[in-house]
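Participant: This is a predicted model, with the sequence first.
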Amino acid sequence: KKRKKKKHDTQTNKNRKAHNNQSRESSTLRCICAMDHDGYPLVVSKECRTYLASKQLKWNATHWRLVDTRTLEYGCMLIGTALEHNPHVSGLDLSQTQISKVAGMILAGYLQNNAVITHLNWSNGRLGARTAMKLADVLKTNTTLQVIDLEANPLGNQGVEALMEALKDNTSVTSINIASCGATSEGASSLAELLLANNTLLSINWRLNQIGESGAAQISEALCHNKSLRILDLTSTNLRDQGVMHIAACLGTNTSIQTIRLDKNSITSLGIHRFSRALNANTCIQILSLAENQIGDDGAKSLAETLKKNRFLTNICLDQCNITAVGTHNLAEALSANSFVSTFSLKQNTIGKEGAMSIANMLKVNTTISTLWLNGTNIGDSGTISLVQALLCNSSLSTLGLASIELRGKEAIEQLVRGLEANCNMSKLDLGDNHLSFVSLRPFWRFLRSDTTLTRLHFGAETRKSQFGDNAMRHLAAALKNNHTLTFLGLRSYFRGTKLTPCSAEDIVEVLNGCTALKTLDLARNSIQDAGVIPVAQALRVNTCLEELDLEDNSIGKGGAQHLAEMLLMNKAIRRLNLHHNCLEEEEGAVQLLESVRRQRGYFVEFGELEMTEIRMDHDARHFLAFKIIYERDATCFATRFRRQAGGVNACLIYIMSGMNPHIIPQNLEDQIQPTHAQSEERKLLRHVWQGGSLYEWAEQEKWRTAIMEQCKLALN
């Protein structure tokens, strides 16, 4: 009898275990900690954590991303536990997460012995000096982290110094971003010490931190001995002329830096003169950016003298540097004799038609420049005509930026078309923010009908100058009817007179059907509304090319959301859909969108990212979404952005519906819920659950949310 009983018990245990495993498999759990629509973490049960630790995730789990979350200490423990046992996650994105100091230190501790994660993005995470010091301890022993992004965190000098000290002996990290972290010249001193000791760092971003003259001197001295750094970003670090002179002093001996950015540093012609002389002896810098400095025509002349001799610079950015036609003439004359620079940018410099003529004369003899940006240079129609005449004999230019140049005449457009037809390599063209109506653009429409070279076309309207609207859209759609090369079309608008309305819906559909290679369509900031987005969604059901669709701020409501949801069930090509700032006030539209993404199975692989920031829904709708997401064990919100106020009851629903024992809910949860976020009845519910009470028993007593609680009963039963 004992043997029979033992055999029976063994068989019963096997059956029970098999049943439990089958139920776990059928749960299709996809993430360890995501977020709900109110910004709270989705926390899973102990059984589910065991399942994650022992099973290989079926979806693309090489990169975990948590955005706009408020992760508590316990949630960070769950993330860390999963990372300890999952050998497939190589990237962890915690950007814009509202993690407390204690929670951040807990999560940082789990990275100490992690041997898989190579990329860590913790930008805009409100990390303080204590968390930075904990990360520094991690870097002393971790040998796998390669890229670290800590931008826009209040680390201060103390946190930055701890990180720099830890990186001295670290041989795995190759790139670190500590931009806008509150460091001053003291932090710059620790950076200089790091550059002297470390020989593996390839990229440092020190943007928006204060360096000053003393810090620049120390960094310069360190760069004279450093042989590994390739990219140095010192944008907006208050260098001024004295600071840039110190940086220039190391250029003659440094043989490693290939990219240097000195934007927004109040550098004048005096500093540029010394810097340009130092460039004559440098043999490694290829990319130089001096945007938004007051270098003027005198500084441009100094740079021009350098360009006549330098054989290594390939990319030069001089945007918004107070350069006029005189400085442009000197630069153009130097580039005429230079055969190495391939990208040249003069955006937001008032060079006028005289400057355009100098650029045109340079293009007639220069055959190496492939990218030229002249946006906002006010060259006008006459300057454009001079520039286009150079295109008749120049076939090397492939990217041309002519946005906001006061272009308005039909004659100038005709000349532009002639130049584009003569140039066989033009692939990217920007004509946004010009005084161009659909009538003046008629020659350009004719050109598009037969063009086979343009791949990116931008007609966006960021100012009131542009006259692009429904009429122009109709002609553009007809011109692109049989286009097979265009991959990007930008029609973003900011002002009412240039916005596309529902009248353009059929034209947008015609573009989607006619452009067989179109990958990205930017329709942000228009006024398409539900009436316009419905036919677009219907056309996308059978479209297999478009991968990114931007519909930000288009007054899309419930009806449009429902049609987009139905489209997502059938379309397997779209990987990113931006619905920021739309009127998704009804819960049905938001729920259907989430349901459509959920059914696609393989969210990151097949879809990518659904952005739905600023969704406004009532309280019941938010509870319903929480129930749908958590009870169904679905991770569609893992990269879905919701940013609304948090309700205390939602936090409780998250813990209970996820299968966690209510007795182990952190007791400090109630303290972390702001009084404005939780009503008295919600606090009553939290206390009731902490005392071991039943959720649906409490619901019956208080008559709370009857319809929602009926669903909860089914789930809990």
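Facilitator: Everything's here; your move.
Participant: Tell me how many other residues surround residue 423.
Facilitator: The burial count assigned to residue 423 is 20, neighbours taken as other C-beta atoms under 10 Å. Bear in mind the C-beta positions are built from the backbone N, C-alpha and C, glycine included.
Participant: close enough to count as contact, it and residue 391?
Facilitator: Yes. Judged on C-beta atoms under 8 Å, residue 423 makes contact with residue 391 at a distance of 4.9 Å.
Participant: which residues do those two both contact?
Facilitator: Common contacts of residue 423 and residue 391 (C-beta atoms under 8 Å, 6 or more residues apart in numbering): residue 397.
Participant: Enumerate every residue touching the closest residue in space to residue 382 that isn't next to it in sequence.
Facilitator: Nearest non-adjacent residue to residue 382, counting by C-beta to C-beta, 6 or more residues apart in numbering: residue 353, 4.6 Å away. Taking C-beta under 8 Å, 6+ apart, we find residue 353 in contact with 379-380, 382-383, 386.
Participant: For residue 184, see how far away residue 517 is.
Facilitator: Distance of residue 517 to residue 184, computed by C-beta to C-beta, to the nearest Å: 50 Å.
Participant: would the residue nearest to residue 382 count as being in a helix?
Facilitator: Yes. Residue 353: assigned to a helix according to DSSP: H, G, I helix; E, B strand; the rest coil.
Participant: circling back: nearest to residue 486, out of the contacts of residue 353: which one, please.
Facilitator: Nearest to residue 486, judged by C-beta to C-beta, of those is residue 379 at 25.7 Å.
Participant: Could you count how many residues lie near the closest one?
Facilitator: Count around residue 379 with other C-beta under 10 Å applied: 28.
Participant: Repeat that for residue 542.
Facilitator: Neighbours of residue 542 using other C-beta under 10 Å come to 11.
Participant: what's the answer for residue 171, then?
Facilitator: A count of neighbours around residue 171, defined by other C-beta under 10 Å, yields 11.
Participant: The stretch 201-350 of the chain: strands as residue ranges?
Facilitator: 203-205, 231-233, 259-261, 287-289, 315-317, 343-345 (DSSP state E, counting those that start in this stretch).
Participant: Could I get the buried residue list for the strand or helix carrying residue 358?
Facilitator: Secondary structure assignment for residue 358, by DSSP states H and E: helix 352-365. Residues of helix 352-365 classed as buried by neighbour count (16 or more other C-beta atoms under 10 Å): 352-363.
Participant: I'd say residue 206 and residue 236 touch.
Facilitator: No. Contact criterion C-beta under 8 Å: residue 206 and residue 236 do not qualify, at 9.7 Å.
Participant: Compare neighbour counts for the two and give me the winner.
Facilitator: Between residue 206 and residue 236, counting by other C-beta under 10 Å, residue 206 is the more crowded of the two (27 against 21).
Participant: So that one versus residue 180, what's the distance?
Facilitator: 10 Å.
Participant: Check residue 221 too.
Facilitator: Computed as C-beta to C-beta, the residue 221 to residue 180 distance reads 25 Å.
Participant: the more surrounded of these two?
Facilitator: residue 180 (20 against 15).
Participant: Identify the spatial nearest neighbour of the more buried one, chain neighbours not counted.
Facilitator: Once flanking residues are discounted, residue 180 sits nearest to residue 208: 3.9 Å by C-beta to C-beta, 6+ apart.
Participant: And residue 199, by the same measure?
Facilitator: Computed as C-beta to C-beta, 6+ apart, the closest residue to residue 199 that is not its neighbour in sequence is residue 228, at 4.8 Å.
Participant: since we're on the one you found, how many residues are nearby?
Facilitator: 13.
Participant: Residue 197 is in contact with that one, correct?
Facilitator: No. Counting by C-beta under 8 Å, residue 228 sits too far from residue 197 to count as a contact (11.1 Å).
Participant: can you give me the helices for the stretch 251-400 of the chain?
Facilitator: For the stretch 251-400 of the chain, applying DSSP state H, counting those that start in this stretch gives helices covering 269-279, 296-309, 325-336, 352-365, 380-391.
Participant: In CSV: those helices, plus mean pLDDT.
Facilitator: As requested, the helices of the stretch 251-400 of the chain are exported to CSV (pLDDT from 0 to 100):
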stretch, mean pLDDT
helix 269-279, 94
helix 296-309, 95
helix 325-336, 96
helix 352-365, 95
helix 380-391, 92
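Participant: Relative to residue 409, which of those helices is closest?
Facilitator: Of all the helices of the stretch 251-400 of the chain, helix 380-391 sits nearest to residue 409, with 4.4 Å by C-beta to C-beta.
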